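Engineer: Below is the sequence, then the predicted model.
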2 protein chains.
Amino acid sequence: MSDQYIGLDIGGTKILGALFDEEGKIIKRSKKQSKADRGEEVIFGQVCKVIDSLRDDSGRLVAIGAGVPGVIDRGRILFSPNLSWKDYPLEEKLVQRYSVPAYIGNDANVSLLGVWKHGIGKGCSNLVGFFVGTGIGGGIVINGSIFGGSTGGAGEIGHMIVLPDGPLCGCGARGCLESLASKTAITKIFRSQIARGRKTYFEDLLSREGYVLKSSHLKEAYVGGDSLTVEVMDRAADYLGIATASVINLLNPQLVVFGGGVIEAMGELMIERIKAKASELAIPGLFSACRIELSELGDDASLFGAISLIENGLGIILQGR
Amino acid sequence: MSDQYIGLDIGGTKILGALFDEEGKIIKRSKKQSKADRGEEVIFGQVCKVIDSLRDDSGRLVAIGAGVPGVIDRGRILFSPNLSWKDYPLEEKLVQRYSVPAYIGNDANVSLLGVWKHGIGKGCSNLVGFFVGTGIGGGIVINGSIFGGSTGGAGEIGHMIVLPDGPLCGCGARGCLESLASKTAITKIFRSQIARGRKTYFEDLLSREGYVLKSSHLKEAYVGGDSLTVEVMDRAADYLGIATASVINLLNPQLVVFGGGVIEAMGELMIERIKAKASELAIPGLFSACRIELSELGDDASLFGAISLIENGLGIILQGR
């Protein structure tokens, strides 16, 4: 029987999972709703449903890896703003139920690990990742390791301050990158502009309470020339470019990589504008030493990253990728 | 005969030097004008005058260390905005003349090294230094080493963008921290406010062309309640606090240390306001994991740092400090 590994991406809306073979190739995928508001055991039940739907009699499950949004300490989810887990012993629960080792990491760091080990970041020893979706996560690889800082909290790129006295952010501060360029921020800007009478592609959709823009619609409206969309997305890209310049001047990385739903839907349209802004603001010698690229791994960044967590944890390298 | 070491701080205005004994204690000091605009060999001549005035028949000179503003590569000053050295082989020239090893580093990194090895940063493995003087320099210690990034340029804290479309900076960008909170920036703000008719302590001094404010005068005027000074210095502290919050969220350091003429003259008056602003903007868990402190080594930070360069270079540790 061959060895198999499960990688999970546990998000606030959905849980993605993939079964990997002993060569590190994805052989099966699964997806369930997180049911994040139904209590911590319901979420764990959904995680188990994903795992159970992936397991296969043809192989032996060796380990599970998972990326989770929030603050994680030795396998416990101390706090997760998008899930109702609070001090939840996820690693222990998975080990108890499946009798295999489990490795848990912060989702942005896990995505960065995926991009670094299995995507466009391969071979870099200093890189920074920006993941732009509902929020903005990030991660930093320094001298060939994911950098955690002094207490494991480093890499909060979404909470760099890019506009003094800017909009209120979920973290309580004003003017964080996340409050200006995340999908949540963009949705808010659309709603307030519509309230002021601006016409846009999104008028009807956003008249529904609680509706959050889809990244694919943003691309459609942008390419279609919807003037509010162009204005809002260009401004978001400019703030991302400002943060990129600061990161380049501070950390002199070889690569800044952009992923997440918003960026991956918009693609080069957004990357080119981010690059232009960063080029205007970063120190020329540091800018020219740094590539700025689209991740291109999509949701698989986190799944591959979860497998890298397993590789690190077990001290193995899956061949064949 | 006992061993002796010389540490130098070669600045755009003056060259400071100190003779250290074998226990790493300062036994003699010297100071000369840099004569930075008189050509590269004149500056080197001034450096030699400092060294010659420090040497002492009672000891044997073992090595020289120096901090220099600018981009340095293997002992050569590739470029220095405040000195006329361009691709100048400083290490080689010193070795030729004094027949001892010489170690050259970027001044901000050397000051950080001093603070880290011999000042308030002792024992920290993750810290960030802000040095606020004519410009704003910085340095980062990560996992127990000065962090150079991918091409040696990391730590340009003065060129984090803190105000989009802000004032033009010497680096060509707009809104860099240096363009808002350095002594050069502060002087410009005073001049433009005086031109608009604002009354201030500095009116007469600043009527002299080319006059640059003295840090000690800023403290005097601030304590004396000069309203323009209070306004300008508080705003500078706020921008430093914004940059501090971004650095804390990004790097999760144990310590952010502030030095340089402006900060050391203003002391806790400025540190307290920087702390307050950073506390308002940084993620609470990361803020509480980080001390924000005044360096307190003054100009000696760079001299002690120069001695640390020697220690690193020779693989020795001077006892007794």
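Structural biologist: The structure has been received and is ready for your questions. Residues are numbered from 1 along each chain as shown, chains lettered A, B, ... in the order given.

Engineer: Using the record's domain definitions, break chain A down for me.
Structural biologist: Using automatic domain parsing, the domain ranges for chain A come out as A:2-111+A:300-314, A:122-294.

Engineer: Could you give me the buried positions within stretch A:37-53?
Structural biologist: For stretch A:37-53, the neighbour count (16 or more other C-beta atoms under 10 Å in any protein chain shown) marks A:40, A:43-44, A:46-48, A:50-51 as buried. Every residue, glycine included, has its C-beta placed from N, CA and C.

Engineer: Stretch A:90-104 now?
Structural biologist: Under the neighbour-count criterion of 16+ other C-beta under 10 Å, stretch A:90-104 has A:90-91, A:93-95, A:98, A:100, A:102-104 buried.

Engineer: quick one: average confidence on it?
Structural biologist: Averaging pLDDT along stretch A:90-104 gives 97.

Engineer: Name the surrounding residues that touch that stretch.
Structural biologist: A:44, A:47-48, A:51, A:61-68, A:72, A:74-77, A:306, A:309-310, A:312-314 (C-beta atoms under 8 Å, 6 or more residues apart in numbering or on different chains).

Engineer: Output that stretch as CSV, nothing but the C-alphas.
Structural biologist: Output of stretch A:90-104 as CSV, limited to C-alpha atoms (Å, rounded to 0.1, in the frame of the first residue of the first chain):
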residue,chain,number,x,y,z
LEU,A,90,-7.0,21.1,16.5
GLU,A,91,-3.8,19.1,16.2
GLU,A,92,-4.7,16.9,19.3
LYS,A,93,-8.2,16.4,17.9
LEU,A,94,-7.0,15.3,14.5
VAL,A,95,-4.3,13.0,16.0
GLN,A,96,-6.9,11.4,18.3
ARG,A,97,-9.3,10.8,15.5
TYR,A,98,-7.0,9.7,12.7
SER,A,99,-4.0,8.3,14.6
VAL,A,100,-1.5,10.0,12.4
PRO,A,101,0.6,13.1,13.0
ALA,A,102,-1.0,16.5,12.2
TYR,A,103,0.7,19.8,11.5
ILE,A,104,-1.1,23.1,11.8
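
Engineer: how many neighbours does A:Leu218 have?
Structural biologist: Residues within reach of A:Leu218, counting by other C-beta atoms under 10 Å in any protein chain shown, total 27.

Engineer: which one of the buried residues of stretch A:37-53 is nearest chain B?
Structural biologist: For those, the minimum distance to chain B (C-beta to the nearest C-beta) is 21.0 Å, reached by A:Glu40.

Engineer: re earlier: so which of the contacts of stretch A:90-104 belong to strands?
Structural biologist: Taking DSSP state E as the definition of strands, the contacts of stretch A:90-104 contribute A:61-68, A:72, A:76-77.

Engineer: Could you point out which of those is nearest to chain B?
Structural biologist: Of those, the one sitting nearest to chain B (C-beta to the nearest C-beta) turns out to be A:Ile72, at 12.8 Å.

Engineer: the helices in the stretch 151-300 of chain A, which residues?
Structural biologist: A:178-181, A:183-195, A:203-207, A:215-223, A:227-251, A:261-266, A:268-281, A:284-288, A:300-314 (DSSP state H, counting those that start in this stretch).

Engineer: would you turn those into JSON lines with mean pLDDT and distance to chain B?
Structural biologist: Shown next, in JSON lines, are those (pLDDT from 0 to 100; distance: least, C-beta to the nearest C-beta, whole Å):
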{"stretch": "helix A:178-181", "mean pLDDT": "97", "distance to chain B": "10"}
{"stretch": "helix A:183-195", "mean pLDDT": "93", "distance to chain B": "15"}
{"stretch": "helix A:203-207", "mean pLDDT": "86", "distance to chain B": "27"}
{"stretch": "helix A:215-223", "mean pLDDT": "93", "distance to chain B": "22"}
{"stretch": "helix A:227-251", "mean pLDDT": "97", "distance to chain B": "4"}
{"stretch": "helix A:261-266", "mean pLDDT": "92", "distance to chain B": "19"}
{"stretch": "helix A:268-281", "mean pLDDT": "97", "distance to chain B": "4"}
{"stretch": "helix A:284-288", "mean pLDDT": "94", "distance to chain B": "5"}
{"stretch": "helix A:300-314", "mean pLDDT": "93", "distance to chain B": "17"}
